[in-house]
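In: Pasted the sequence and its predicted model underneath.
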Amino acid sequence: MRIMGLDFGSKTVGVAISDPLMITAQGIEIIRREKENKLRKTYARIEELIGEYEVGEIVLGYPKNMNNTIGERCEKTEAFKDDLERRTGLKVVLWDERLTTVAADRAMEMSGIKKGDRHEYVDEIAAVFILQGYLEYKRNGSEEPGKKNGKDSI
């Protein structure tokens, strides 16, 4: 079993997959769409990847505001999460993704990718950061994020 990490944006979804031992995350692609609300092909591609990589769980970046409030983007992410769970039958965990895009941009800068070319990769790399953070959290044996005493607290 593997875990899939997703960075859900208005017109793209960055996708990362864990290795079979669930130690590392690797970016695999960016799913692009022309309009924000046109998700049919996006869901179909995610379902294909779930089968191809034998995914058993999904972690989805949750774009909270820096002051920890929830805005319109979080509401759209929650709806995407609900649809993913319904379509795939898999558990989808929301993972705080604050600053993952900044971290992805810095990683690309340090690796020598030109500023103008970074937008091509940022969503995929952000998905890697989201998934890697979740894998490390799980490995440390901590309680699931967003839960306190077994109850949802997001």
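Out: Nice, I can see it.
In: Surely G27 touches F129?
Out: No. If you go by Cβ atoms under 8 Å, G27 and F129 don't touch, sitting 9.6 Å apart. From N, CA and C alone the C-beta is placed, and that goes for glycine too.
In: When those two are compared, which one has more neighbours?
Out: F129 (25 against 21; other Cβ atoms under 10 Å).
In: helices or strands next to the helix or strand in which the more buried one is found in the packing?
Out: Using DSSP states H and E, F129 sits in helix 122-139. On a contact count with 3 or more Cβ pairs under 8 Å, 6 or more residues apart in numbering; DSSP states H and E, helix 122-139 meets strand 2-8, strand 12-18, strand 25-32, strand 55-62, strand 91-96, helix 100-110.
In: got the buried residues for it?
Out: Residues 122-135, 137-138 are the ones in helix 122-139 that count as buried (16 or more other Cβ atoms under 10 Å).
In: check contacts around the spatially closest residue to E85 that is not a sequence neighbour.
Out: Excluding the flanking residues, the one nearest E85 by Cβ to Cβ, 6 or more residues apart in numbering is V92, at 5.1 Å. When contacts are counted by Cβ atoms under 8 Å, 6 or more residues apart in numbering, V92 touches 57-60, 81, 84-85.
In: Which of the residues you listed has the largest number of neighbours?
Out: Within those, most neighbours by other Cβ under 10 Å means V59, with 28 neighbours.
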